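**Q** Pasted the sequence and its predicted model underneath.
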Amino acid sequence: MPTAAVGIGSNVGDRVGLVCAALRELEALPDTVVLKCSSLFESEPVEGPDQPWFVNAAAIIHTTLAPWQLLRALGRIEAAHGRTREIPKGPRTLDLDILLYDERVVAEADLSIPHPRLAARRFVLLPLAEIAPTMVEPSSGRTIRELLCDCPDRAVVKRLNGNAKAKEIVS
């Protein structure tokens, strides 16, 4: 069964509640199992208009959903929680991204795997490195830990809720 890494973020409304709801809904996708969840992290926005800080997490899943099917499923979860795309890089109730999908590289108009800004975003790399430090980003052949060490992003990212994993908060 393919392994995928999913990034989760929210900066509108009940940020923690929305991230936890997304994790529950990921677990409920057909033929999908959430293997690992990171801690919750709070991060300052790095692009876009002035907006509230984000709560971020990452999950490693096994799924039989193909990349396009997974993308559509993530879009449905976002939409169910009021995600709109009126302001590019603007505030959002929920943002779900396929970060990695096995060691596949997909470069299509509406789907890029690995996520095109993965290596440049500390708020994505920190949660992912917590649960999958040796996972390989196939375009560069580098591990998540290596990408984090060389990440140019110096935005503030801090762990929430001590060392509790998002999945423990969801349960």
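**A** Structure received. The structure presented is a predicted model; accordingly, all values stated were derived computationally and were not measured.

**Q** Just checking, which helix or strand of the protein averages the lowest pLDDT?
**A** Lowest by mean pLDDT, DSSP states H and E among the helices and strands of the chain is helix 166-170, with a mean of 55.

**Q** Partner strands of the lengthiest strand in the chain and their direction?
**A** Using DSSP state E, we find that the single longest strand of the chain is strand 54-63. If you go by DSSP bridges, strand 54-63 pairs up with strand 3-10 (antiparallel), strand 32-37 (antiparallel), strand 41-43 (antiparallel).

**Q** May I see those organised as JSON lines, with mean neighbour count and mean pLDDT added?
**A** Quick note: C-beta positions are derived from backbone N, CA and C, even for glycine. Formatted as JSON lines, the strands paired with strand 54-63 follow (neighbours: other C-beta atoms under 10 Å; pLDDT from 0 to 100):
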{"stretch": "strand 3-10", "mean neighbour count": "25", "mean pLDDT": "98"}
{"stretch": "strand 32-37", "mean neighbour count": "18", "mean pLDDT": "96"}
{"stretch": "strand 41-43", "mean neighbour count": "22", "mean pLDDT": "96"}
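
**Q** Export those to TSV and append columns for distance to Q69.
**A** Formatted as TSV, the strands paired with strand 54-63 follow (distance: least, C-beta to C-beta, whole Å):
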stretch	distance to Q69
strand 3-10	11
strand 32-37	10
strand 41-43	28
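
**Q** Pull the contacting residues for A5.
**A** A58, A59, I60, I61, I98, L99, L100, Y101, L128, A132, M135 (C-beta atoms under 8 Å, 6 or more residues apart in numbering).

**Q** Look up how far D14 lies from the first one.
**A** Plainly put, A58 is 20 Å away from D14 if you go by C-beta to C-beta, to the nearest Å.

**Q** about what we covered before: how about the strands paired with strand 54-63, which one is nearest L74?
**A** Counting by C-beta to C-beta, L74 lies closest to strand 3-10 out of these; the figure is 7.1 Å.

**Q** Would you mind pulling up the elements that the helix or strand harbouring L70 packs against?
**A** Using DSSP states H and E, L70 sits in helix 67-80. Here helix 67-80 touches strand 3-10, helix 15-27, strand 95-101, strand 111-113, going by 3 or more C-beta pairs under 8 Å, 6 or more residues apart in numbering; DSSP states H and E.

**Q** Fine by me, thanks again.
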